[in-house]
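Novice: Sequence first, predicted coordinates after that:
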Amino acid sequence: MRRIHANQIDKGKLQFNTTQNNRARPVVGAKISLFQTDESGNERQIEEIVTDNSGQTTEIELPAPPLDYSLLPGSPMPYSQYNIVVNADGFAPLSVRDIQVLPSSLALQNCPLEPAEIFTQQEAETITIDHHTLYYEYPPKNPEDAVKPLPPPTGFVVLDRVVVPETIVVHDGPPDANAPNYYIPFRDYIKNVASSEIYSTWPDAALKANILCILSFVLNRVFTVMLP
């Protein structure tokens, strides 16, 4: 394992994808201003890039902490953070803060843009990305039984094999709280959970093992909790 130097800087990559209102239709010619905040809290613009006919930008190479930070427990923050403001004709501005860039990895940031007419003021909608769960200490989750009983029969057909659902319902709060439910594509949900719980810099075997655990846990909840 290589020795970590305090002034050592690695490189990561960042790419943006702009779409219309979370749809697949790309936003062409969107201007993305990229900012970085220094240790004093001052923000400075470091790049401006325009999306192509696919609504995407080229990959931008950016400074990131040493690779070993994401491989050793108790290390300093293993990713650098960047902010963006997206402007496009006919759409409301969008601000995304604290985008995480890991070394030797490509970070993909989706930028869903809303039509300008639905906003009364041309103020940027702001999305703030929380710290990674491996770095920041969040409050513990509510305890629950490892094995949950199957719900009583209700006349619905029980499948004789596991079927991966197309969408999954995400309750945005504690189980007993009055919080909104969101219908998320299953693939997007797994991808988002994985990117929040593991680092892309890990060896392939570790990534596959953790993603299989996430899939197993989610499907267990789908078939033991979410069925009526």
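Specialist: Arrived safely, thanks for sending.
Novice: partner strands of the helix or strand encompassing Arg97, parallel or antiparallel?
Specialist: Applying DSSP states H and E as the criterion places Arg97 in strand 94-101. Paired strands of strand 94-101, with direction, are strand 80-87 (antiparallel), strand 125-128 (parallel) (DSSP bridges).
Novice: For whichever helix or strand comes after the shortest one, buried residues please.
Specialist: Same thing as strand 125-128. Later in the chain than strand 125-128, the nearest helix or strand by DSSP H and E is strand 167-171. Neighbour counts using 16 or more other CB atoms under 10 Å place Ile168 of strand 167-171 among the buried residues. Yep, even glycine has a C-beta here, placed from its N, CA and C like the rest.
Novice: Return the set of buried residues in the one helix or strand Gln15 maps to.
Specialist: Per DSSP H and E: Gln15 is located in strand 10-20. By neighbour count on 16+ other CB under 10 Å, the buried set for strand 10-20 is 10, 12-14, 16-20.
Novice: Surely Pro26 is in contact with Thr18?
Specialist: Yes: between Pro26 and Thr18 a contact is recorded at 6.5 Å, counting by CB atoms under 8 Å.
Novice: Give the residues shared as contacts by the two.
Specialist: 51, 55-56 (CB atoms under 8 Å, 6 or more residues apart in numbering).
Novice: Need the winner for burial among the strands paired with strand 94-101.
Specialist: strand 80-87 (a mean of 20; mean count of other CB atoms under 10 Å).
Novice: quick one: contacts of it?
Specialist: 12, 14, 16, 18, 30-37, 43, 62-65, 93-101, 109, 111, 113, 124.
Novice: Just the buried residues of the residues you listed.
Specialist: 12, 14, 16, 18, 30, 32, 34, 36, 62, 64-65, 93-97, 99-101, 109, 111, 113.
Novice: ok so, going back, closest to Pro175 among the buried residues of strand 10-20?
Specialist: Thr19 (32.1 Å; CB to CB).
Novice: Could you tell me the model confidence score at the residue nearest the centre of the chain?
Specialist: Centroid-nearest residue in the chain, with CA atoms, centre = their mean: Asn192, separated by 4.8 Å. Per-residue pLDDT puts Asn192 at 90.
Novice: where in the protein is pLDDT low?
Specialist: 1-8, 22-23, 118-124, 144, 146-161, 224-228 (pLDDT under 70).
Novice: Identify each buried residue in the longest helix along the chain, please.
Specialist: Looking across the chain with DSSP state H, the single longest helix is helix 204-224. Neighbour-count burial for helix 204-224 flags 210-211, 214, 218-219, 222-223 (criterion: 16+ other CB under 10 Å).
Novice: export these to CSV and tack on distance to Asn178?
Specialist: What follows is these, written out as CSV (distance: CB to CB, whole Å):
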residue, distance to Asn178
Asn210, 32
Ile211, 32
Ile214, 27
Val218, 23
Leu219, 27
Val222, 22
Phe223, 25
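Novice: quick check, nearest of these to Ser196?
Specialist: Using CB to CB, these come closest to Ser196 at Ile214, 10.0 Å.
Novice: How much space separates the closest one from Asn192?
Specialist: 10 Å (CB to CB, to the nearest Å).
Novice: Next, the distance between the ends of stretch 173-185.
Specialist: With CA to CA, to the nearest Å applied, stretch 173-185 spans 19 Å between its terminal residues.
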